[in-house]
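Novice: My questions concern the predicted model and sequence given below.
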Amino acid sequence: MNLKLVYFLVFLFCSCKNVELPKPNAYLRLDYPSPTYKEIVLGTNNATVELNTASTLFTNIKTITNANSVISKSISYPLINAEIKLEYYNLNKSNKLNDRLKYLNDFTSIHLKKSSNSPQIQEFTNQNKKVYASIINIKGDVTSPTQFYATDSVNNLLIGILNLKSKTKYDSVLPALDYIKTDIYHLIESVEWSDI
């Protein structure tokens, strides 16, 4: 009887065809280095922020000390192929807060037209350091999914715009955007104005 069982099992295994099963969904795993933050001075000692130096390159774009008092910096993410453009403004009569925020609003509106979702706006306030900030996150296939600003509403304004350098789908870059957003949140939380 054991012999019959053995023959039956051999017959069963030999006669079965390979069954093709669909592959399970796979997700891209992106590993980025743990952030290491370092304090960077913006302008002529007017403001300082902390930037992630583990995965970024920080460069000066231009420094203009005319009536507009604009200082531009670039934070590049080579692993992600993205860049944050920072602009620091010393607010005065010819360089008004409302005019600069209107420019940022106009820029954001262009990208909102390409998105099917409404933006997610996050507010940040630190009364002790006189930092009032807003982060605008846009979902969808846009080249600039995040814009932000931080100000003391009197003398200083910092505007940041995240630009993706390649055409991508929102779902595929979501882990990279989450990594950069962590850096943006830390940047805003670390802003300090020297004239306060």
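Specialist: Happy to help now that I have it. Numbers count the residues shown, from 1 in each chain.
Novice: any idea where the strands of the chain begin and end?
Specialist: With strands called from DSSP state E, the chain shows them at 37-42, 47-52, 57-63, 70-77, 82-90, 120-126, 131-137, 146-151, 156-164, 192-193.
Novice: Flag the shaky bits of this structure, pLDDT-wise.
Specialist: Within the chain, the ranges that satisfy pLDDT under 70 run 1, 9-19, 21, 26-29, 43-45, 60-69, 196.
Novice: longest helix of the protein?
Specialist: helix 170-190 (DSSP state H).
Novice: Buried residues, that one. List them.
Specialist: 170, 173, 176, 177, 179, 180, 181, 183, 184, 187, 188, 190 (16 or more other CB atoms under 10 Å). Quick note: C-beta positions are derived from backbone N, CA and C, even for glycine.
Novice: Compute the inter-axis angle for that helix and strand 146-151.
Specialist: With axes from the mean of the first three to the mean of the last three CA atoms, to 10 degrees as the basis, helix 170-190 and strand 146-151 are set at 10 degrees to each other.
Novice: which other helices and strands contact helix 170-190?
Specialist: Using 3 or more CB pairs under 8 Å, 6 or more residues apart in numbering; DSSP states H and E, the elements in contact with helix 170-190 are strand 37-42, strand 47-52, strand 82-90, strand 120-126, strand 131-137, strand 146-151, strand 156-164.
Novice: Could you rerun that using 10 Å?
Specialist: Counting contacts by 3 or more CB pairs under 10 Å, 6 or more residues apart in numbering; DSSP states H and E, helix 170-190 packs against strand 37-42, strand 47-52, strand 70-77, strand 82-90, strand 120-126, strand 131-137, strand 146-151, strand 156-164.
Novice: Please state the offset of it from the chain centre?
Specialist: 4 Å (CA atoms, centre = their mean, to the nearest Å).
Novice: All further residue positions should be reported with the first residue as 555.
Specialist: All right, first residue 555 from here; so that's helix 724-744.
Novice: Of the helices and strands packed on helix 724-744, which stretch is the most buried?
Specialist: strand 700-705 (a mean of 24; mean count of other CB atoms under 10 Å).
Novice: In the sheet, which strands lie alongside that one, parallel or antiparallel?
Specialist: In the sheet, strand 700-705 lines up against strand 685-691 (antiparallel), strand 710-718 (antiparallel) (DSSP bridges).
Novice: Please name whichever of those strands is nearest to residue 594.
Specialist: Checking the strands paired with strand 700-705 against residue 594 by CB to CB gives strand 710-718 as the closest, at 11.6 Å.
Novice: Send over the closest one as CSV, restricted to the C-alpha atoms.
Specialist: The C-alpha coordinates for strand 710-718 follow below in CSV (Å, rounded to 0.1, in the frame of the first residue of the first chain):
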residue,chain,number,x,y,z
ASN,A,710,13.2,89.9,6.7
LEU,A,711,11.6,87.6,4.2
LEU,A,712,12.9,84.2,3.0
ILE,A,713,11.2,82.5,0.0
GLY,A,714,11.9,79.0,-1.1
ILE,A,715,10.8,77.2,-4.2
LEU,A,716,11.4,73.4,-4.8
ASN,A,717,12.0,72.6,-8.5
LEU,A,718,12.2,69.1,-9.9
